[in-house]
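Asks: What follows is a predicted structure for the sequence shown.
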Amino acid sequence: MKKTKLPGENISLKTKKTEHPAVMEWINAQSNLMDSLRYLIENELRQNGVRNLQAHVPAERALLPEAVQAAGAESAMLHSIGQLESAAASEASRDELEPPVEEDEIDDEDIESWT
């Protein structure tokens, strides 16, 4: 019988020798692997509740290469859009902090006072 995991206990994970390179790239891109996995688990719980995922996911999954390419392109596009939005927001907030400088009108009396 499998031991029930308790909060704070260690769990161990092992990748397959034949793991897809994109899976390894994703794992290696995480600065906090456990928190990234926790986020994915939380999304699964929100969508489907507690269940044995192995009963619903096929052992052989051939969709990864196409899905990874599509997600990579979408991610790159969203990243570019995010950078543009961030730059626009930064410029807008700078404009709000620095109102345009209005030039003073110089009249003849001002010029006479300088001489």
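Replies: That came in fine, so what should we check first? Numbers count the residues shown, from 1 in each chain.
Asks: Mean confidence (pLDDT) on stretch 55-63, please.
Replies: The pLDDT scores in stretch 55-63 average 83.
Asks: separation between Asn10 and Ala55?
Replies: According to C-beta to C-beta, to the nearest Å, Asn10 stands 26 Å off from Ala55. Quick note: C-beta positions are derived from backbone N, CA and C, even for glycine.
Asks: my bad, should have said Gly82
Replies: According to C-beta to C-beta, Gly82 and Ala55 sit 37 Å apart.
Asks: do the same with Ser36
Replies: Separation of Ser36 from Ala55 (C-beta to C-beta) stands at 24 Å.
Asks: who has more neighbours, those two?
Replies: More crowded of Ser36 and Ala55, by other C-beta atoms under 10 Å: Ser36, with 14 against 6.
Asks: wait, isn't the more buried one in contact with Gln30?
Replies: Yes - with contacts defined as C-beta atoms under 8 Å, Ser36 counts as touching Gln30 at a distance of 4.4 Å.
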